[in-house]
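>>> Structure for this input, please:
(chains A and B)
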Amino acid sequence: MPKKIKPKLAVWKFASCDGCQLSLLDCEDELLAVAGEIEIANFPEASRQVLKGPYEISLVEGSITTPHDAERIHKIRKMSKVLITIGACATAGGIQALRNFTDVKNYIPLVYASPQFIHTLNKSTPIGDHVPVDFELRGCPINKMHLVEVISAYLTGRKPNIFPHSVCVECKLRGTVCVMVNGGQNCMGPVTHSGCNALCPSYNRPCYGCFGPKESPNTRSLANQFKKLGQSELDIMRGFRTYNAYAEPFRKESEAHEK
Amino acid sequence: MKNSTIKVDYLARVEGEGSLYVKIKNNKVVDAKFGIFEPPRFFEAFLRGRKFTEAPDITARICGICPMAYQTSAVLAMENICGVKVEGQLRELRRLIYCGEWIESHILHVYMLHAPDFLGYQDAIQIAKDHPELVKNALRLKKIGNEIISVVGGREIHPINVKVGGFYKVPSKKQLLGLVEELKWALDASIETVKFMAKLNFPDLEQDYEYVSLRHPDEYPIFDGRLVSNKGLDIAVDEYDKYFAEEHVKHSNALQGVMKERNNYFVGPLARYNLCFDKLSTSAKQVARAVKLDKGTNNPFKSIIVRSIESVYAVEESLRIIKNYEMPEKPSIEVVPRAGIGYGCSEAPRGICVHRYKIDDNGNILDAKIVPPTSQNQKTIESDLRQLVSRNIRLSDAKLTWLCEQAVRNYDPCISCATHFLKLNIERE
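Numbers count the residues shown, from 1 in each chain, chains lettered A, B, ... in the order given. All right, here's what the predicted structure looks like:
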């Protein structure tokens, strides 16, 4: 029997916390099985070994924040048959996109004593703003079982079973009592993409939107509800302006509440 | 005479984007840099104007490997400002979830990031081809760490259950008891890990380090206690800025930590171990004696054994906390904001993680300063590289590069954290 040629997987990092690619190493029960099906060809966090492209699948974590990275992503796209972005940084610009609402020049001296050493772009932008993306996996962090699902789906040539409905649907499915209707808490669940299995409400905490906007969210209606619950304009602005602040529906809503 | 440059542009098996550069001229090391090109993310800037209750969730996003360190230091700082102290079972739960992070992070580093250097492999997947049971056990050990974090915190990366004042919801005794059986297995497995790692070959390297860690009168340090060193430092956490500073150098997007008037210092497992060995648990001390490490060690390569011993501790401490656990009546205590400045410090797997915030009466953050462990170790890492290359100058560039990478990994650098942070190039001329 000739040895099976395994498809090559590459993992790339841009501005991020490493958490989403760590999800792959956190698949303790699946990791060795995954490594049996694919060649982990380029994954610096896990291996010194680098195999040359092209790659069947590239997983991209992080957002574009430097001139060098804005170039690098194009090279990666060229080497990749399928490019999947993982996490809020790669799909929406991440928490570091809070700079997009100010001038980053105001930020540098607050952190660094010698600003002349720092090379950074004015905005933190998602990968999809720079190159075509085949699939965007949401979450801050992503759900690791989604990652296994997406990789399996692309290896077998089917569509990933990941749904764009809201966190509310997940609460209903698991039978969690509504923290907004019953608990009067300012929950982002109605406008937030599913995928966490409605984790926060199950801990008696309102959703804070870390999976970003669901498909066609009615953010204005939710903002009005927050107002009725006694939230200030500043609170509402902060609520929409977190880990997916630069995703368009959340961005527009937060700007509507900015003084 | 040897002139050479050793360069590693993208250091593997570390968290984040770093590089190495060593320049050798006439058989002498003339330059050694641990560079950090991870792009800056400006956390301290955008924390301004956020609410004090948001700090634990926002700062968790600095690092996916050690979010508990950020969440814990943040809540401690805010509680410090507001004059609140979380005690009793809520404090124990904080310790438990932190033990979960030590186990998950230490085992990841020991087996998957560092052991391949000692065993001559590119990565743990390659090790698994020759020693499948070793890697399977490692993954099972790592998983129990993650399960502790998930049960207490909701999920392993960026847990959602930690808040200023305690938790949103506390686990039942039954939920925690569900972890016990696997933890008992983990106690044996982590002891075996120590014995296995102690048999590796350790390159020679020792310097006269100044170790810095928390020290607590009654327990091995995770949070609370005073900041101490082996050279006479003994201060309260809120005196941190009087004794420590950060410098900004050109080759790094991380600020480098220094002690005022004393220069570089060393944080992390080796520091905690050498300063607080007496506070370890019974099994951890026993196995340390069995591998003849109970007098401490100054060889940073042996940090792989120390991380394994700390894993034994974290498992045993988790078992202790679960055994004594009684579900608290309330998941948190009320924290009313008041204007002020406060500090929080906890022992991330890689060393002390210090937060300082200033907030107003409405709880808005006016100023934030975050000092991650890796930025504090940067200078010591560079000094190790100089020593190591000088001692091994006759090795080929390929072997020297391998050794330098291995030496950097002694510190389990977390570059995502430190950027506000590293890149090895060895240059011989």
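
>>> Please enumerate the strands of the stretch 301-429 of chain B.
Here the stretch 301-429 of chain B has its strands, by DSSP state E, counting those that start in this stretch, at B:340-348, B:351-359, B:365-371, B:425-428.

>>> Could you dump those strands into a markdown table with mean neighbour count added?
Using the backbone N, CA and C atoms, a C-beta is placed for each residue, glycine as well. What follows is those, written out as a markdown table (neighbours: other C-beta atoms under 10 Å in any protein chain shown):
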| stretch | mean neighbour count |
| --- | --- |
| strand B:340-348 | 24 |
| strand B:351-359 | 26 |
| strand B:365-371 | 20 |
| strand B:425-428 | 21 |
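
>>> Now do the contacts for the residue of the stretch 101-250 of chain A found nearest chain B.
Per C-beta to the nearest C-beta, the residue of the stretch 101-250 of chain A with the smallest distance to chain B is A:Tyr107, at 3.7 Å. A:Tyr107 makes contacts with A:99, B:42, B:45-46, as judged by C-beta atoms under 8 Å, 6 or more residues apart in numbering or on different chains.

>>> Once you drop chain neighbours, what's closest to it?
B:Ala45 (3.7 Å; C-beta to C-beta, 6 or more residues apart in numbering or on different chains).

>>> Count residues in the vicinity of that neighbour, would you?
21 (other C-beta atoms under 10 Å in any protein chain shown).

>>> same thing with B:Glu192?
A total of 16 residues lie near B:Glu192 under the criterion other C-beta under 10 Å.

>>> B:Pro269 now?
Taking other C-beta under 10 Å as the criterion, the count of residues near B:Pro269 is 29.

>>> ok now do the nearest residue to it once chain neighbours are set aside, which residues does it touch?
For B:Pro269, the nearest residue in space outside its immediate sequence neighbours is B:Val306; the separation is 4.6 Å by C-beta to C-beta, 6+ apart. Each residue near B:Val306 by C-beta under 8 Å, 6+ apart is listed here: B:269-270, B:273, B:293, B:297.

>>> any idea which of the residues you listed is the one closest to chain A?
The closest of these, once distances to chain A are taken by C-beta to the nearest C-beta, is B:Pro269, at 19.7 Å.

>>> how deep is B:Lys250 tucked in, by neighbour count?
9.

>>> Make sure it is indeed in a helix.
No - under the criterion used here (DSSP: H, G, I helix; E, B strand; the rest coil), B:Lys250 is coil, not part of a helix.

>>> Tell me the confidence at it?
At B:Lys250 the predicted local confidence, pLDDT, stands at 72.

>>> how about A:Gln21, secondary structure?
helix.

>>> From A:Cys27, how far off is it?
When C-beta to C-beta, to the nearest Å is applied, the distance between A:Gln21 and A:Cys27 equals 11 Å.

>>> okay, these two: which has more neighbours?
Of the pair A:Gln21 and A:Cys27, A:Gln21 is the one with more neighbours under other C-beta under 10 Å, namely 28 against 18.

>>> Quick check, that one in contact with A:Cys89.
No - proximity of A:Gln21 to A:Cys89 does not meet the contact threshold set by C-beta atoms under 8 Å, at 10.9 Å.

>>> what do the two both touch?
In terms of C-beta under 8 Å, 6+ apart, A:Gln21 and A:Cys89 are both contacted by the residues A:Glu61.

>>> Can you name the residue of the stretch 1-150 of chain B nearest to chain A?
B:Gly64 (2.1 Å).

>>> Need the pLDDT of the nearest residue to that residue once chain neighbours are set aside.
Taking C-beta to C-beta, 6+ apart, and ignoring the residues beside it in sequence, B:Gly64 has A:Gly19 as its nearest neighbour in space, at 2.1 Å. The predicted local confidence for A:Gly19 comes out at a pLDDT of 94.

>>> and the least confident helix or strand in chain A by mean pLDDT, what does it pack onto?
Lowest mean confidence among the helices and strands of chain A (mean pLDDT, DSSP states H and E): helix A:108-111, at a mean of 70. Identification of packing neighbours for helix A:108-111 by 3 or more C-beta pairs under 8 Å, 6 or more residues apart in numbering or on different chains; DSSP states H and E yields helix B:43-46.

>>> contact partners of the helix or strand following the helix it packs on?
Sequence-wise, the next helix or strand beyond helix B:43-46 is helix B:55-60, with elements assigned using DSSP states H and E. If you take C-beta under 8 Å, 6+ apart as the criterion, helix B:55-60 is touched by A:95, A:208, A:242, B:43, B:47, B:50, B:67, B:70-71, B:73-75, B:77-78, B:158-160, B:162-164, B:355, B:357, B:365, B:368, B:370.

>>> Quickly check: stretch B:334-347 near chain A or not.
No - Stretch B:334-347 stays out of contact with chain A when judged by C-beta under 8 Å from any C-beta of the partner chain, the minimum separation being 13.9 Å.

>>> ugh, wrong one, I meant stretch B:66-76
Yes - figure legend: stretch B:66-76 in contact with chain A (C-beta under 8 Å from any C-beta); contacting residues B:Pro67.

>>> pLDDT value on the residue nearest to B:Pro269, please?
On pLDDT, B:Val306 comes in at 98.

>>> what's around the residue of chain A found nearest chain B, how many residues?
Using C-beta to the nearest C-beta, the single residue of chain A nearest to chain B is A:Gly19, 2.1 Å away. Applying the criterion other C-beta under 10 Å, we find 29 residues in the vicinity of A:Gly19.

>>> what do you get for B:Glu92?
Taking other C-beta under 10 Å as the definition, B:Glu92 ends up with a neighbour count of 18.

>>> Same question for B:Ile222.
When neighbours are counted by other C-beta under 10 Å, B:Ile222 registers 25.

>>> Same check on B:Glu246?
17.

>>> what secondary structure does the residue nearest to B:Asp234 when sequence neighbours are not counted sit in?
The spatial neighbour of B:Asp234 that comes closest, neighbours along the chain excluded (C-beta to C-beta, 6+ apart), is B:Val228 at 5.0 Å. At B:Val228, secondary structure determined by three-state DSSP is strand.

>>> repeat for the one 3 residues further on
When the structure is split into helix, strand and coil by three-state DSSP, B:Lys231 lands in coil.

>>> Then A:Ile40?
If you use three-state DSSP, then A:Ile40 falls in the strand class.

>>> excluding its backbone neighbours, what's nearest it?
With sequence-adjacent residues excluded and distances taken as C-beta to C-beta, 6+ apart, A:Ile40 is closest to A:Leu9, at 5.6 Å.

>>> beta partners for that neighbour?
The partner list for A:Leu9 in beta bridges (DSSP bridges) reads A:Ile40, A:Ile57.

>>> who touches it in this structure?
Applying C-beta under 8 Å, 6+ apart, one finds that A:Leu9 lies in contact with A:38-43, A:55-59, A:151.

>>> switch the cut-off to 7 Å
The contact partners of A:Leu9, taken as C-beta atoms under 7 Å, 6 or more residues apart in numbering or on different chains, are A:38-41, A:55-57.

>>> okay, the most centrally placed residue in chain B: pLDDT?
Computing the C-alpha centroid of chain B and ranking residues by C-alpha atoms, centre = their mean puts B:Arg350 first, at 1.6 Å. On the pLDDT scale, B:Arg350 is placed at 96.
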